[in-house]
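Undergrad: Fold the following and give me the result.
(one chain, ligands or ions: 1)
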Amino acid sequence: MAEAFNDLILPAEKDERYAALADEIAAVLDGEPNLTARMATVASMLAASFDHFFWTGFYVVDADNPRELVVGPYQGTLGCLRIAFGRGVCGAAAETGQIQVVEDVHAFPGHIACDARSASEIVVPVFDSAGGLIGVLDVDSDQKSAFDEVDASWLQTIVHKVFSISGAA
Ligand code: SME
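TA: This is a model prediction of the structure:
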């Protein structure tokens, strides 16, 4: 078997794994509208798919404070409970509505270190079918530069399919 660059995974293999994962997630969630169930399933199935993901989960927009994220379903070590819009990587994604790919979290201004092992991360904003921000999907790796445009593209596709549909509530 070929050596994976940077102990990670070869791009073609990664693409195939994401494609299979997207189908599996869609199959498991077929007919399930509950938002918590949908987030918990995505967090669990993502965590099980890639060895170098050590934290996968959601921060959701707090209903009582729409400028704050509160932790939602996740897999991994203890995450911080609340993140203000604009703070850290998750807060930047929530504030801008733009995906954040961070090769080295220690070089990111205001990064919130929930776990010292976190080395790189990707955060994808999550929108509902009306285009409103529901929260963000946060995936952390213990390896630097773990995420690239393949991860960005697939995670956006998965999040769009799972949450930007009418019927998810
Ligand atoms: N690293 C994140 C905080 C959340 S945890 O990593 C689970 C950030 O700076 O947004």
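Undergrad: What parts of this structure come near the ligand?
TA: Contact residues (CB under 6 Å from any ligand atom) of the chain with the ligand: 55, 79-80, 83, 88-90, 111-112, 114, 118, 121, 138, 140. For glycine as for every other residue, the C-beta is placed from the backbone atoms N, C-alpha and C.
Undergrad: So which of those residues is the closest to residue 158?
TA: residue 138 (13.7 Å; CB to CB).
Undergrad: I'd guessed that closest one sits against residue 120; true?
TA: No: applying CB atoms under 8 Å as the test, residue 138 and residue 120 come out as separate, 11.8 Å apart.
Undergrad: Of those two, give the one with the bigger neighbour count.
TA: residue 138 (29 against 22; other CB atoms under 10 Å).
Undergrad: show me what contacts the more buried one?
TA: 55, 56, 57, 58, 59, 74, 79, 89, 90, 121, 122, 123 (CB atoms under 8 Å, 6 or more residues apart in numbering).
Undergrad: is it fair to say it lies in a strand?
TA: Yes: counting by DSSP: H, G, I helix; E, B strand; the rest coil, residue 138 falls inside a strand.
Undergrad: Residues in a beta bridge with it, which ones?
TA: Beta bridges link residue 138 to residue 57, residue 123, judged by DSSP bridges.
Undergrad: Check for me that residue 70 belongs to a strand.
TA: Yes: counting by three-state DSSP, residue 70 is part of a strand.
Undergrad: tell me which element residue 153 falls in.
TA: Take DSSP states H and E as the rule and residue 153 turns out to sit in helix 149-163.
Undergrad: tell me what that helix is packed against?
TA: When contacts are defined as 3 or more CB pairs under 8 Å, 6 or more residues apart in numbering; DSSP states H and E, helix 149-163 packs onto helix 11-29, helix 35-49, strand 120-127, strand 133-141.
Undergrad: Does the residue nearest to residue 76 when sequence neighbours are not counted belong to a helix, a strand or coil?
TA: Nearest residue to residue 76 in three dimensions, chain neighbours excluded: residue 55, at 3.4 Å (CB to CB, 6 or more residues apart in numbering). The three-state assignment at residue 55 reads strand, by three-state DSSP.
Undergrad: Can you give me every residue that contacts residue 55?
TA: 74, 75, 76, 77, 79, 114, 115, 118, 138, 139, 140.
Undergrad: Tell me how many other residues crowd the residue in the chain that the ligand sits nearest to.
TA: Nearest to the ligand in the chain, going by CB to the nearest ligand atom, is residue 88, at a distance of 2.7 Å. Residue 88 has 26 neighbours, counted by other CB under 10 Å.
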